[in-house]
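Student: this one's structure only:
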């Protein structure tokens, strides 16, 4: 028996069947073939049409309730409209199915091509709408994009550290944390920046700070605070600029970059302000965090412990939502970039050490738990747990 290919179906004949008694699918198929045989002549015999692939497999769904049966049947057809209409009409001539009195009522004959046409029209409307919304690009926008692309390619290196092209020619330099920060500053015309590229301060930076007027421009997060502390201890800083709270230099707009640099303060003033803040806030902060305890349920603890044991030695991280469905599993080195794109992360469990940089990103993403093999001594509103804490 030939099976009708879905791509050749032109029509779907749909009918309802009601029977006084309990019947099954083979009874219905038998009745359709048996009681329509010879009715329309040999050219429209259902068995022959199905054998040659012009009528598809008859789908029958039968349910029984309180001794009666009812359901529906679907017959796919690749015949023309006239022949399909004749086949559909013959169904209502069937009066018995198996041993039971039955009645078949034709519900509809659907043109599958009409459904495809409707899909094509709707899709074309969507495409046209997108084209009209985009419109022609603004000439000034194209010019600006080209300028920014050229500026981005101006990044160079000094003794292995990413920097702007005017680093050595300028009397002043700006020290930032990473290569992306340098790229962002070049984009806005600041070409005398250099990146420390890591948590330890390179000797090259210390040497440059002795020769040039130096401004440290750091992220507005815990990681930025730590890097700034390292710069203050190891270099001869003249000025300090800090990105807005929770923001990184690499993501600042032109207006924000220049505002931060205009608002920079001298290194000595910064140290004095920090000393005054520390004296005023330390008792309050220590008391607050001394009382705070991480609250987790037994079920959460089991999930954290089981996942952490499975990750030992893999250098991988698992990201979960609030119902502990796995949102993704990535290498630890890609974790921070991945978290920036994931929607509604709730907990992160990974084979590594929870540090300030990760804690800062987690705060911005409203993550509730960070679970690692080890953890730094971090005071945070996030639940930070190590393997030791889960014993």
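Tutor: Nice, thanks for sending it over. Owing to the predicted nature of the structure, the values given are computational and were not obtained by experimental measurement. Residues are numbered from 1 along each chain as shown.
Student: Who does residue 96 form a beta bridge with?
Tutor: residue 101 (DSSP bridges).
Student: Pull the number of nearby residues for it.
Tutor: As a burial measure, residue 96 scores 16 neighbours (other C-beta atoms under 10 Å). Bear in mind the C-beta positions are built from the backbone N, C-alpha and C, glycine included.
Student: List the pairing partners of the helix or strand containing residue 385 within its sheet, with orientation.
Tutor: In this structure, residue 385 sits in strand 383-386 according to DSSP states H and E. Here strand 383-386 is paired, per DSSP bridges, with strand 369-375 (parallel).
Student: which other residues reach the strand it pairs with?
Tutor: 296, 300, 304, 307-308, 312, 346-354, 358-359, 362, 382-387, 390 (C-beta atoms under 8 Å, 6 or more residues apart in numbering).
Student: Buried ones among the residues you listed?
Tutor: 296, 300, 304, 307-308, 346-352, 354, 358-359, 362, 382-387 (16 or more other C-beta atoms under 10 Å).
Student: coming back round to it: might you calculate how far the strand holding residue 385 sits from the centre of the chain?
Tutor: 25 Å (C-alpha atoms, centre = their mean, to the nearest Å).
Student: same thing with stretch 295-314?
Tutor: 24 Å.
Student: likewise stretch 15-31?
Tutor: 49 Å.
Student: what distance separates the start and the end of that stretch?
Tutor: 14 Å (C-alpha to C-alpha, to the nearest Å).
Student: next one: stretch 206-224
Tutor: So stretch 206-224: terminal residues 18 Å apart, C-alpha to C-alpha.
Student: Show me the contact partners of the strand holding residue 385.
Tutor: Against strand 383-386 from outside (C-beta under 8 Å, 6+ apart): 294-296, 304, 354, 359, 368-375, 378.
Student: what are the phi and psi values for residue 159?
Tutor: phi 50, psi 40 (degrees, to the nearest 10).
Student: Around residue 334, count how many other residues there are.
Tutor: Residue 334, neighbours per other C-beta under 10 Å, totals 12.
Student: Check residue 263 too.
Tutor: Applying other C-beta under 10 Å, I find that residue 263 has 9 neighbouring residues.
Student: Would you list the phi and psi of it?
Tutor: According to degrees, to the nearest 10, residue 263 has phi -90, psi 10.
Student: Just the contacts of strand 369-375: which are in strands?
Tutor: 347, 348, 349, 350, 351, 352, 353, 354, 383, 384, 385, 386 (DSSP state E).
Student: And the strands in the stretch 151-300 of the chain?
Tutor: 156-158, 161-163, 172-176, 193-195, 213-218, 239-242, 265-266 (DSSP state E, counting those that start in this stretch).
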